[in-house]
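Student: could you work out the structure for the sequence below:
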Amino acid sequence: MTFRTTTAGAVLLAAGVLVLTGCGTKVYGSGGAGDPSPAPTSAQTPDHAAQQAAAVARHDALFPEVARVCADKATAVPSAPPGDLPTDPEARKYAENHGYKSQFPLSPQDRCRGDAHAARIRAALGGADGKGAPGTVQELSRLLTGMGYKPESGDVSGSGPGNLSFVLRVPESGPCVTGRVSVPVQVEAHGAYMESGCREPRGGH
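Tutor: The predicted structure follows:
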């Protein structure tokens, strides 16, 4: 009699445990319905082509006249040809010591865009002779900002008329544009330096 009662009690106890286990208990992180913390999925790889296309669209909205000029230019970046060093020892040494000034190549569209921005800025500075060009850092900064370039601190420098310079990156999708307000005014577009962005690197080895 004792044995049968004990067995029945054990069966009831086990059933109670099963009921409690099945009610109100969830295994989080399984990703099931109602799971507040679904299992994390692997991060998606950024679509760089889509990001670049969006940047170009923003650029074209800011500078429609440049967009029209460069609309039919190719966007593929040319592969840089292998740089054969000169055979002359002195020329070879010079090339090696100035390798830090290497620039990223520009696609035909980037080159067109950069040249168009350079021409736009040069015209605003009064053309080659610089007639009416800004005479102070503050005036030059205001001019560039008004044209949509928004130079950062240190992008415009100099000490007065005929001795001002600037360096900037075309907003959103453009190359670098560097200029000197002197006589003649010099403004040119170029690829970013591999070691220092739009600013020409200092030093060497």
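
Student: any regions of the chain where pLDDT drops low?
Tutor: 1-43, 77-100, 203-205 (pLDDT under 70).

Student: repeat that for 80
Tutor: 1-46, 75-101, 174, 195-196, 202-205 (pLDDT under 80).

Student: where do the helices sit along it?
Tutor: 2-22, 48-62, 64-70, 89-97, 108-124, 137-146 (DSSP state H).

Student: pull out the buried residues from the fifth one.
Tutor: Across helix 108-124, burial judged by 16 or more other CB atoms under 10 Å covers 109-118, 120-122, 124. The C-beta positions use only the backbone N, C-alpha and C, and glycine is treated the same way.

Student: residues in contact with stretch 185-193?
Tutor: The contact list for stretch 185-193, computed with CB atoms under 8 Å, 6 or more residues apart in numbering, reads 101-106, 110-111, 113-115, 117-119, 121-122, 125-130, 133, 169-170, 175-180, 198-201.

Student: out of those residues, name the ones that lie in strands.
Tutor: Among the contacts of stretch 185-193, the members found in strands (DSSP state E) are 169, 176-180.

Student: are any of those buried, and which?
Tutor: Judged by 16+ other CB under 10 Å, buried ones among the ones in strands among the contacts of stretch 185-193: 169, 176-180.

Student: max pairwise distance over those residues: which two?
Tutor: Using CB to CB, the two most remote members of these are Arg169 and Arg180, lying 17.2 Å apart.

Student: and of the buried residues of helix 108-124, the nearest to His59?
Tutor: Arg113 (7.6 Å).

Student: please consider this matter closed, and thank you.
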